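> I'll drop the sequence and a predicted model, then ask my questions.
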Amino acid sequence: MTELKLNATRRDTTGKKTRFLRRQGITPTHIFGHGIKSLALQCDTAELQHIIAMGGTTRLININIEEEKKPRSAFIREIQRDALSGQLLHVDFYQIKKTEKITADIPVILVGEAPATKSKENMIEHLLTHLGVSCLPDKIPPQIEIDLSPFEEAGQTIHVSDIVLDADVTITTDPEQPVVKISRIKVAVEKEEVAEEAEVEEIEGEAEAAEAAAEVTEATPAGETKEPEA
């Protein structure tokens with residue numbers, strides 16, 4: 001896997017004045033972590049965008065800070081963008097120690113094609129989009145892939161307990177939770193059942209009405225008309 005590297009410099013510009021940095025193609029950032037002092041940084045926006053596209057929040061990044069001899073190992077903790085334009089506004093990095101285990105939510109990606117979906121009656125349910133894991137920082141997988149090719153019929157399900165990762169990676173999500181399932185599409189069936197029930201109820205109603213009418217006829221002598229009770 002390609003190592004991700006990012007260059008950064010210390011930042012003195014803060015508050016509302018950071019908008020001038022953005023106009024110059026520079027994004028304000030912060031790096032913080034357990035037991036370290038928070039540090040204001042700035043990065044080239046184009047380079048930072050590339051890193052975000054490559055690694056998201058699950059890839060370890062080596063940040064080379066100007067005037068520091070060793071790079072800092074960190075993950076992206078938060079990305080802030082303008083709600084309307086999508087412009088990158090700010091990025092927070094969380095610095096880690098490579099010798100200490102960390103926890104992270106890893107995206108679950110579906111790959112391949114399920115033979116079961118060749119039938120229009122079946123559908124894929126992606127029930128769990130992320131899995132929690134615990135491991136050393138350099139062992140964190142960027143994503144967890146599930147191959148759909150073994151899914152041949154409705155009812156087949158993959159649970160968390162069925163997913164096998166490297167021995168160094170522990171899944172923290174409940175093992176009983178379903179991740180992916182092939183289900184039957186029930187909409188058409190339910191409509192048919194509702195229509196059948198309505199038809200049965202209508203027939204039963206007509207039969208009850210006919211039976212009641214017959215009882216009245218039998219109870220009334222010929223030539224007489226039964227007056228309604230006062």
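Here it is on my side, so go on.
> next, Gly35: phi, psi?
Per-residue torsions, Gly35: phi 80, psi 10 (degrees, to the nearest 10).
> could you do the one 10 residues further on as well?
As for Thr45, its main-chain torsions (degrees, to the nearest 10) stand at phi -60, psi -40.
> same thing with Leu21?
Dihedral angles (degrees, to the nearest 10) for Leu21: phi -70, psi -40.
> report how many residues lie close to it.
16 (other Cβ atoms under 10 Å). Where you see a C-beta, it was placed from the backbone N, CA and C, and this is true even at glycine.
> contacts only, for it.
Leu21 makes contacts with Arg11, Thr13, Thr27, Pro28, Gln42, as judged by Cβ atoms under 8 Å, 6 or more residues apart in numbering.
> quick one: low-confidence parts of the protein?
By pLDDT under 70, the low-scoring segments of the chain are 1, 187-230.
> show me where it has strands.
Ranges of strands in the chain, per DSSP state E, are 4-10, 26-33, 36-44, 61-65, 72-81, 88-95, 102-111, 122-126, 130-135, 144-147, 157-159, 170-171, 178-184.
> could I get the last one in CSV with only the CA atoms?
It stands for strand 178-184. Taking C-alpha atoms only, strand 178-184 is exported to CSV below (Å, rounded to 0.1, in the frame of the first residue of the first chain):
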residue,chain,number,x,y,z
PRO,A,178,-26.0,-9.0,9.9
VAL,A,179,-23.9,-7.1,7.3
VAL,A,180,-25.3,-8.2,4.0
LYS,A,181,-28.5,-10.1,3.2
ILE,A,182,-30.4,-11.3,0.1
SER,A,183,-34.1,-10.6,0.6
ARG,A,184,-37.2,-11.1,-1.5
